[in-house]
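Peer 1: structure for the following, please:
(one chain, ligands or ions: 1)
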Amino acid sequence: MPIQLLGTGSYTPEKILTNQDLEKMVDTNDEWIVTRTGIRERRIAADDQATSDLALIAAERALESSGVKASELDVILIATCSPDMAFPSTATLVQHRLGAVNAFAMDLSAACSGFIFALETARNLLESGRYGTALVIGAEKMSSLLDWQDRTTCILFGDGAGAAVLRNEEGSKGGLGPCNLGSNGSLSELLLVPAGGSRIPVTAKVLEERSNTISMAGQEVFKHAVLNMTKTAKHLLKEAEWDAKELALVIPHQANQRILEAIRTRVGVEKDNVFVNVDKYGNTSSASIGIALDEAVRQGRLNSGDRVMLLAFGAGFTWGGMLLEWRTPA
Ligand code: ACO
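Peer 2: Numbering: from 1, shown residues only. Here you go, the predicted structure:
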């Protein structure tokens, strides 16, 4: 049952925070950030913008590009680790504002791997035959989880949202291909937001220690990201019997240019065939692949029949990849 991507959309907030701006906030410099991460600037949501506001715009753009009406949606999934609130889900807030009255909506949490986890979940719902059309969104206001005095983390992240509309199109060719997902909770301590949930609710002490913000063992995360994304990419290529050189485009989670380069050389993908926009947006967690996919489409980087790989790694740890055979929507 071919599941096709009918259209994509994305949104990044207007406010640009450059490395030079960060130099005035913490003890860092443009040269350090660019050489260690490849990031030059990131987008930061306005104070009155929540994750659902970013998600809504990306969703509207995806619906417009796919020619699908909100009322045709059966499923809305939002991958996020920075929801508007504990409940209701960010997805139900977006469902209401879109007017998607026939859809059920829920959030899904897999940190930076969220977009691929949501795509695979939507694909299986559509393949069940019980649902016809799905909207998948990755949306994050990572700036709300940052300690702006911690130079080791605040330079890495940004805000944004990416979305895609999926449909089960009987008789069509290509579309979503093999997917491989994984998790290893034993390493959860290496990348986490320790407080602000049920384990350690927010108290004055938490706010003072800023333990409701991201805490990360950067070098360990780096190592596991390269290992698991490389393993996943090779596994998928073997399963599909594709050669790495046949990939027209790899759209990886945008965390760090050096992680992308390490994976690229290990998997054997041509340099021009890896989509990179981490320089403009930093790490937008579960939004990054949706934003990159939409930019690739709008830049005309994808042609019908192109072989594409999505690849991600994030807190949990979680990781995953998916192959697509691109079909330019009619
Ligand atoms: N500016 C200037 N100096 C800094 C900064 C900064 N922003 N941050 C750290 N430093 C200093 C450190 O204090 C340290 O100084 P010291 O040697 O005097 O102690 C020095 O730079 C080196 O620090 P390291 O942590 O060893 O630097 P490293 O080369 O590992 O780079 C980085 C750090 C960029 C975080 C890297 O480890 C990384 O990218 N890890 C992956 C993390 C990641 O991508 N996380 C995102 C979530 S998971 C995902 O999306 C895949």
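
Peer 1: use CA for all of it now, contacts and neighbours both
Peer 2: OK.

Peer 1: how about the helix ranked longest in the chain: buried residues?
Peer 2: Longest helix in the chain by number of residues (criterion: DSSP state H): helix 218-240. Buried residues in helix 218-240, defined by neighbour count with 16 or more other C-alpha atoms under 10 Å: 221, 224-237.

Peer 1: and this structure, which residues reach the ligand?
Peer 2: With the criterion set to C-alpha under 6 Å from any ligand atom, the chain comes near the ligand through 28-29, 32, 36-37, 112, 151-152, 155, 218-219, 221-222, 225, 255-256, 313-315.

Peer 1: repeat that for 5 Å
Peer 2: 28, 151-152, 218-219, 222, 255, 313-314 (C-alpha under 5 Å from any ligand atom).

Peer 1: for the longest helix of the chain, C-alpha coordinates in CSV please.
Peer 2: The C-alpha trace of helix 218-240 is given here as CSV (Å, rounded to 0.1, in the frame of the first residue of the first chain):
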residue,chain,number,x,y,z
GLY,A,218,28.1,16.7,24.5
GLN,A,219,30.9,14.4,23.6
GLU,A,220,29.0,11.3,24.5
VAL,A,221,26.0,12.4,22.6
PHE,A,222,28.2,13.1,19.6
LYS,A,223,29.7,9.6,19.7
HIS,A,224,26.4,7.8,20.0
ALA,A,225,24.7,10.0,17.3
VAL,A,226,27.4,9.1,14.8
LEU,A,227,27.4,5.4,15.7
ASN,A,228,23.6,4.9,15.6
MET,A,229,22.9,7.1,12.6
THR,A,230,25.6,5.3,10.6
LYS,A,231,24.4,1.9,11.7
THR,A,232,20.8,2.8,10.8
ALA,A,233,21.7,4.2,7.4
LYS,A,234,23.7,1.1,6.5
HIS,A,235,20.9,-1.2,7.7
LEU,A,236,18.3,0.5,5.6
LEU,A,237,20.5,0.6,2.5
LYS,A,238,21.0,-3.2,2.9
GLU,A,239,17.4,-3.8,3.4
ALA,A,240,16.4,-1.9,0.3
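
Peer 1: measure stretch 74-88 end to end?
Peer 2: End-to-end distance of stretch 74-88: 19 Å, with C-alpha to C-alpha, to the nearest Å as the criterion.

Peer 1: who's in contact with that stretch?
Peer 2: 50-52, 89-91, 95, 102-111, 114-115, 117-118, 122, 131-142, 144-145, 286-287 (C-alpha atoms under 8 Å, 6 or more residues apart in numbering).

Peer 1: list buried residues within these.
Peer 2: Neighbour-count burial (16+ other C-alpha under 10 Å) applied to those gives 50-52, 89-91, 95, 103, 105-111, 114-115, 117-118, 122, 131-142, 144-145, 286-287.

Peer 1: quick one: average confidence on the longest helix of the chain?
Peer 2: For helix 218-240, mean pLDDT is 98.

Peer 1: what does that helix contact?
Peer 2: Helix 218-240 has contacts (C-alpha under 8 Å, 6+ apart) with 178-180, 190-191, 243-244, 259-260, 262-263, 266-267, 309, 311-314, 319-323.

Peer 1: same thing with stretch 12-29?
Peer 2: 30, 33, 39-46, 54, 148-151, 155, 159-161.

Peer 1: leaving out sequence neighbours, find the closest residue to the residue nearest to the spatial centre of the chain.
Peer 2: Compute the mean C-alpha point of the chain, and by C-alpha atoms, centre = their mean the closest residue is Ser286, 2.8 Å away. Among residues not flanking Ser286 along the chain, Cys112 sits closest, at 4.3 Å (C-alpha to C-alpha, 6 or more residues apart in numbering).

Peer 1: so that neighbour touches Leu311, yeah?
Peer 2: No: applying C-alpha atoms under 8 Å as the test, Cys112 and Leu311 come out as separate, 10.2 Å apart.

Peer 1: between those two, what contacts are shared?
Peer 2: Taking C-alpha under 8 Å, 6+ apart as the contact rule, Cys112 and Leu311 both touch His253.

Peer 1: so these two - more neighbours on which side?
Peer 2: More neighbours surround Cys112 than the other of Cys112 and Leu311, with 32 against 26 (other C-alpha atoms under 10 Å).

Peer 1: so what's that one up against?
Peer 2: By C-alpha under 8 Å, 6+ apart, the contact list for Cys112 reads 253, 284-288, 312-315, 318.

Peer 1: swap in Ile155?
Peer 2: With contacts defined as C-alpha under 8 Å, 6+ apart, Ile155 is in contact with 19, 22, 33.

Peer 1: what's the helix or strand for the last one?
Peer 2: So that's Ile33. Assessed by DSSP states H and E, Ile33 sits inside helix 30-37.

Peer 1: quick one: average confidence on the helix or strand following that helix?
Peer 2: Where DSSP H and E defines the elements, the next helix or strand beyond helix 30-37 is strand 41-43. The average pLDDT within strand 41-43 is 98.
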